[in-house]
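Colleague: Here is a sequence together with a model predicted from it:
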Amino acid sequence: MLELHSITKTFNSDLFRKEFVAVNDLSFKIEEGKITGFLGANGAGKTTTMKMMMDFIRPTKGEITFGKSLGDNKNEILKNIGFLPERPYFYQNLSGREFCNYMGQLSGISLAEIKQQIEYWGPIFKIDFALDRTIRNYSKGMLQRVGFLVTLLHDPKLIILDEPLSGLDPIGRKELKDVILSINKLGKTVFFSSHIISDVEEVCHDVTFIKDGALFYQGSVEKIINEHTKSESLITFIGKDSYETLKVKDVDKNKALKKLIDDDFKIIKVESNRATLEEIIYNVK
């Protein structure tokens, strides 16, 4: 659906300093119909990459191409993309509904269509009760919800979200993750960055991980976890006075279980010692 081909972006702060390479020969693909997580430390180049995808800034080198499903020209392509920046600007004196109407009309859709979309998405985002309140009185979570809603008003095929879960409490994150899953079930492709790695593991099919502006890994979440998971199991059993856990290689699992049972220990559970995406990412050097 969208592909980056050897993208490099450099910035010159002034004449006397060496140019800064924000993105370095970066290539990856966003697959249609999938939810892809975009990971990297602060300063890794995630936001710069997203700005280049949206044509807000241009690559120094390389090319970004779009699939035919998004359109045949730049105007058609951009109409089929919904983008929520990390720090969206909201007109504080407007109500949530007025802001939706304004942004929807900028996207070229009628007030009747906007109303229909608000009536559909408002309850899903759990923001319908507050749409007639002034935005200046919105909490962080309410701003994220109305911003996300606006991103969907023109019914885009590809949704690009820069840190959509940032600053939300656990309940808010859970609710917006549910929305992302719901959007994907409607056939939408979702690409979002996050510094909360467990959220990416929970909802994404694929992950793109960049380090110092360059690609470190792209592929399925399941594949990267399997590649970094050792063939070992955890056996939890009741010891002399408490619960205990024994870590064994898979080839020795049955032998260990037999010995515990023969020694009259009660087995509580046996599970694979599976790595988490968070453990893998944080262990990257």
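Modeller: Looks like it arrived, so ask away.
Colleague: and the helix or strand hosting Leu181, which residues are buried?
Modeller: Using DSSP states H and E, Leu181 sits within helix 170-185. Of the residues in helix 170-185, 172-173, 175-177, 179-180, 183-184 count as buried by neighbour count, 16 or more other C-beta atoms under 10 Å. Every C-beta, even on glycine, is put in place using the N, C-alpha and C of the backbone.
Colleague: Equivalent analysis for stretch 270-283, please.
Modeller: 275, 277, 280-281.
Colleague: looking only at pLDDT, what's the mean for it?
Modeller: The average pLDDT for stretch 270-283 rounds to 72.
Colleague: Remind me what the next helix or strand after the helix holding Leu181 packs against, helices and strands.
Modeller: Per DSSP H and E, the first helix or strand lying C-terminal to helix 170-185 is strand 189-193. Here strand 189-193 touches strand 35-39, helix 46-53, strand 158-162, helix 170-185, going by 3 or more C-beta pairs under 8 Å, 6 or more residues apart in numbering; DSSP states H and E.
Colleague: before we move on, the earlier item: which of the buried residues of helix 170-185 sits closest to Asn137?
Modeller: Closest approach to Asn137 among those (C-beta to C-beta): Gly172, at 17.1 Å.
Colleague: State the helix or strand in which the spatially closest residue to the closest one that is not a sequence neighbour lies.
Modeller: Closest residue to Gly172 apart from its sequence neighbours, by C-beta to C-beta, 6 or more residues apart in numbering: Gly141 at 4.4 Å. Gly141 belongs to helix 140-152 when assigned by DSSP H and E.
Colleague: What residues sit buried inside that helix?
Modeller: So helix 140-152, judged by 16+ other C-beta under 10 Å, has buried residues 141-152.
Colleague: Who's the closest spatial neighbour of the residue with the shortest distance to the centre of the chain, skipping the chain neighbours?
Modeller: Centroid check for the chain by C-alpha atoms, centre = their mean gives Phe192 as the closest residue, at 3.2 Å. With sequence-adjacent residues excluded and distances taken as C-beta to C-beta, 6+ apart, Phe192 is closest to Leu161, at 3.8 Å.
Colleague: How about residues contacting the helix holding Gly141?
Modeller: Helix 140-152 is contacted by residues 82-84, 88, 90, 96, 99-100, 103-104, 117-118, 121-122, 125-127, 130-131, 135, 138, 159, 161, 164-165, 167-169, 172, 176, 179, 183 when judged by C-beta atoms under 8 Å, 6 or more residues apart in numbering.
Colleague: Mind checking which of these land in strands?
Modeller: 82-84, 159, 161 (DSSP state E).
Colleague: residues in contact with Glu3?
Modeller: Contacts for Glu3 (C-beta under 8 Å, 6+ apart) come out as 27-30, 64-67.
Colleague: now, among those residues, which is nearest to Asp264?
Modeller: Using C-beta to C-beta, the contacts of Glu3 come closest to Asp264 at Phe28, 54.4 Å.
Colleague: Would you check that Lys46 makes contact with Ser166?
Modeller: No - applying C-beta atoms under 8 Å, one finds Lys46 not in contact with Ser166, separated by 11.9 Å.
Colleague: More neighbours: those two, which one.
Modeller: Lys46 (24 against 15; other C-beta atoms under 10 Å).
Colleague: What pLDDT is listed against the more buried one?
Modeller: 92.
Colleague: Enumerate every residue touching it.
Modeller: By C-beta under 8 Å, 6+ apart, the neighbours of Lys46 are 38-40, 162, 193, 210.
Colleague: I am finished for the moment; much appreciated.
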